[in-house]
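*Asks:* Give me a 3D structure for the following:
(one chain, ligands or ions: 2)
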Amino acid sequence: MSQVLPAEGGLRRVIGDGQALLDGEVDLTPEQHLDLYRGLVLLRTYDERSLVYHRQGRVGTYAIFWNHEAMQAGSAFALESRDWIFPSYRESAIGLLRGMPASTVLSWWRGHPAGWWNPEDYNVASICVPIGTHVPHAVGFAWGSRLKREDRVAIAYFGDGATSEGSFHEGATFAGVLKAPVILFCNNNQWAISTPVAAQTAAPTLADKAIGYGMPGVRVDGADVLAVYEATREAVARARTGEGPTFVEAVTYRTAPHATADDPSIYIDEERVEEEKENECVGRYERYLLRMGVLTDLEAEEVKQEALELMRTAIAEAETEAPADVSLVFEHALADPPASFADDLLELRRILGG
Ligand SMILES: Cc1ncc(C[n+]2csc(CCOP(=O)(O)OP(=O)(O)O)c2C)c(N)n1
Ligand SMILES: [Mg+2]
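*Replies:* Ligands and ions are numbered 1, 2, ... in the order given. As a prediction, the model looks like this:
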């Protein structure tokens, strides 16, 4: 039986602090806990190594997701492999949880065509960079799957800022009206680059928006992987039984810059960042598993070393890809390219010195 504890500020919580705040339990076997932990560590390692690779000039601009791993791993763990994931740039590496090679994701951030995958290979849609435009895609996909009686659920990941976008509103409206089997998963890290969540809505919480679309809104502690898992599992069950969509608001505080090109020191609350780092999601779950006797320090170290090795191999693989020819930019832009593209390509080759 699962046991989800009510938490301060109306956020669902399962993991305690090893002291006064008691641990809850979820309905997972020790093996499942370890699988979830491996996924969490894999995402963390991907993220930390990517920042280093960026500083070394080996990947381009990169959207850091440090301390967002619990939202991603916890929610994805509640899905079946036939369910579809619609990620934003913040969930760029979520495909790793579906067996996508890390070199593919690294190639994406290197701007190389090897970074594109066939969504049907992993049931993971392309990474969406425009804010919120994938919400209607996920809803349409989920509705279509239902019409085809495929028993697939879709999940769309987006940020707090995305809830101000028209496409979020359109997608959520359709989802509610059509009872689409979809989960609208909002990563509320409280910032849209330098715009605080208070500037996105006058509603007390983002979950409050759900009622206007006729769907339940759930709020969870986004750094508590088990609370995220539980909340998403319930949403998945609702979707599968035809009850329709759920809006999940997973709350954290962004501890890293928006992306590698951002300097948050001029707008962010540094004290709050430090607090959040102290309580970051991988350490929290690790300590929980140690308390439960499901994990040992030695096993934790092995999991981390495996993930590091995987990343070392992946970056080496990504770097052995032959450089892509710039003509690809033009060839795949339009089905019927204008004649001027030929001149543009020549000009680009001249600029690049090719
Ligand atoms: C349609 C659109 N408008 C503006 C941008 C520029 N932009 C990139 S990230 C971002 C902030 C998004 O914040 P949020 O939705 O909270 O997601 P987070 O980055 O915090 O995960 C903006 C405005 C964009 N990518 N797409
Ligand atoms: Mg945000």
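*Asks:* residues near the residue of the stretch 251-354 of the chain found nearest ligand 1, how many?
*Replies:* Closest to ligand 1 within the stretch 251-354 of the chain is residue 258: 5.7 Å, counting by C-beta to the nearest ligand atom. Yep, even glycine has a C-beta here, placed from its N, CA and C like the rest. Residue 258 has 19 neighbours, counted by other C-beta atoms under 10 Å.
*Asks:* wait, isn't it in contact with residue 189?
*Replies:* No - contact criterion C-beta atoms under 8 Å: residue 258 and residue 189 do not qualify, at 9.2 Å.
*Asks:* buried set for stretch 125-137?
*Replies:* Residues of stretch 125-137 classed as buried: 125, 127, 128, 131, 132, 133, 134, 135, 136, 137 (neighbour count, 16 or more other C-beta atoms under 10 Å).
*Asks:* and the residue of the stretch 251-354 of the chain closest to ligand 1, what does it touch?
*Replies:* By C-beta atoms under 8 Å, 6 or more residues apart in numbering, residue 258 lies in contact with 63, 64, 191, 193, 194, 264.
*Asks:* what do you get if the cut-off is 6 Å, keeping everything else the same?
*Replies:* If you count contacts by C-beta atoms under 6 Å, 6 or more residues apart in numbering, residue 258 has them with residue 193.
*Asks:* now residue 137
*Replies:* Listed by C-beta under 6 Å, 6+ apart, the contact partners of residue 137 are residue 86.
*Asks:* Now look at the helix or strand residue 275 falls within and say if it contacts ligand 1.
*Replies:* Assigned by DSSP states H and E, residue 275 belongs to helix 270-278. No - against ligand 1, helix 270-278 shows no contacts by C-beta under 6 Å from any ligand atom, the least distance being 14.0 Å.
*Asks:* which residues make contact with that helix from outside it?
*Replies:* Here helix 270-278 has contacts from 253, 255, using C-beta under 6 Å, 6+ apart.
*Asks:* Heading C-terminal from that helix, find the next helix or strand.
*Replies:* helix 281-292.
*Asks:* What helices and strands are in contact with that next one?
*Replies:* Counting contacts by 3 or more C-beta pairs under 6 Å, 6 or more residues apart in numbering; DSSP states H and E, helix 281-292 packs against helix 30-55.
*Asks:* and the helix it packs on, what's its mean pLDDT?
*Replies:* Taken as a whole, helix 30-55 has an average pLDDT of 98.
*Asks:* And the residue nearest the centre of the protein?
*Replies:* Residue closest to the average C-alpha location in the chain (C-alpha atoms, centre = their mean): residue 91, at 2.9 Å.
*Asks:* Which residue lies closest in space to it, excluding its sequence neighbours?
*Replies:* With sequence-adjacent residues excluded and distances taken as C-beta to C-beta, 6 or more residues apart in numbering, residue 91 is closest to residue 157, at 4.7 Å.
*Asks:* Would you agree that neighbour falls within a helix?
*Replies:* No - using DSSP: H, G, I helix; E, B strand; the rest coil, the secondary structure at residue 157 is strand, not a helix.
*Asks:* got the angle between the host helix or strand of residue 103 and helix 30-55?
*Replies:* Per DSSP H and E: residue 103 is located in helix 102-109. Going by axes from the mean of the first three to the mean of the last three C-alpha atoms, to 10 degrees, helix 102-109 is angled at 40 degrees with respect to helix 30-55.
*Asks:* Can you pull the residues of the chain lying near ligand 1?
*Replies:* Going by C-beta under 6 Å from any ligand atom, the residues of the chain near ligand 1 are 90, 129-131, 158-162, 187, 189, 191-193, 258.
*Asks:* What is the nearest of these to residue 241?
*Replies:* residue 158 (24.5 Å; C-beta to C-beta).
*Asks:* Pairing partners for that closest one in the sheet, please.
*Replies:* Residues in a beta bridge with residue 158, per DSSP bridges, are residue 186.
*Asks:* what's the neighbour count on it?
*Replies:* For residue 158, using other C-beta under 10 Å, the count is 27.
*Asks:* I'd guessed it sits against residue 89; true?
*Replies:* No - using C-beta atoms under 6 Å, residue 158 is not in contact with residue 89; the gap is 10.3 Å.
*Asks:* For ligand 2, tell me whether stretch 238-255 is touching it.
*Replies:* No - applying C-beta under 5 Å from the ion, one finds stretch 238-255 separated from ligand 2 by no less than 6.4 Å.
*Asks:* buried set for that stretch?
*Replies:* So for stretch 238-255, counting by 16+ other C-beta under 10 Å, buried means 238-239, 244-255.
*Asks:* so of those, which ones are in helices?
*Replies:* If you go by DSSP state H, the buried residues of stretch 238-255 have 238, 239 in helices.
*Asks:* Can I get the buried residues of stretch 238-255 in CSV including pLDDT?
*Replies:* Shown next, in CSV, are the buried residues of stretch 238-255 (pLDDT from 0 to 100):
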residue, pLDDT
238, 98
239, 98
244, 98
245, 98
246, 98
247, 97
248, 97
249, 97
250, 98
251, 97
252, 96
253, 96
254, 97
255, 97
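*Asks:* For the residue nearest to residue 91, give me its contacts.
*Replies:* Contacts of residue 157 by C-beta under 6 Å, 6+ apart are 87, 88, 91, 185.
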